[in-house]
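Asks: Generate a structure from the sequence data that follows.
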Amino acid sequence: MTKFGEIISINKPVLIDFYADWSELEPSLDTLRDVAAALGDKAKVIKIDIKKNEILAEALRVKGNPTFMIYKNGEMKWRQTGEQDANTLIGLVQQYV
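Replies: I've put the predicted structure just below:
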């Protein structure tokens, strides 16, 4: 939890993908690579395994897979559960750059 607080407190947008390994399809991995490549160092993109971080997922009330969140300066700016395409995510993150 402390490390999560440090990650989201930076002065650039942080896109987080809460996912579960048991999902048979993991299309969000390629999507996140595209997002990270497009944004470069303007934003941070991370994946968090729900099963390995149950306390955090529960604290943030993550119920669906995947759940995306954007934080900046420690504040949640956007949240959505369900698949998102790279262009949508890039556009959303760029609003907070």
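Asks: Quick one: list the elements packing against the longest helix seen in the chain.
Replies: Determined from DSSP state H, the single longest helix within the chain is helix 28-39. Judged by 3 or more CB pairs under 8 Å, 6 or more residues apart in numbering; DSSP states H and E, the packing partners of helix 28-39 are strand 14-19, strand 44-49, helix 86-94. C-beta: built from backbone N, CA, C; applies to glycine.
Asks: Buried deepest among those, which one?
Replies: Ranked by mean neighbour count under mean count of other CB atoms under 10 Å, these are led by strand 14-19, which reaches a mean of 23.
Asks: element containing residue 71?
Replies: For residue 71, the host element (DSSP states H and E) is strand 67-72.
Asks: Check the average confidence over that strand, would you?
Replies: The average of the pLDDT scores along strand 67-72 is 97.
Asks: Dump the C-alpha coordinates for that strand into PDB.
Replies: Listed next in PDB are the C-alpha coordinates belonging to strand 67-72 (Å, rounded to 0.1, in the frame of the first residue of the first chain):
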ATOM      1  CA  THR A  67     -10.300  -2.100 -14.200                       C
ATOM      2  CA  PHE A  68      -8.400   0.900 -15.400                       C
ATOM      3  CA  MET A  69      -7.600   4.000 -13.300                       C
ATOM      4  CA  ILE A  70      -5.800   7.200 -13.900                       C
ATOM      5  CA  TYR A  71      -4.100   9.000 -11.000                       C
ATOM      6  CA  LYS A  72      -2.200  12.300 -10.900                       C
END
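Asks: Centre of the chain to it, how far?
Replies: 5 Å (CA atoms, centre = their mean, to the nearest Å).
Asks: Compute the inter-axis angle for it and helix 28-39.
Replies: Angle between the axes of strand 67-72 and helix 28-39 is 20 degrees (criterion: axes from the mean of the first three to the mean of the last three CA atoms, to 10 degrees).
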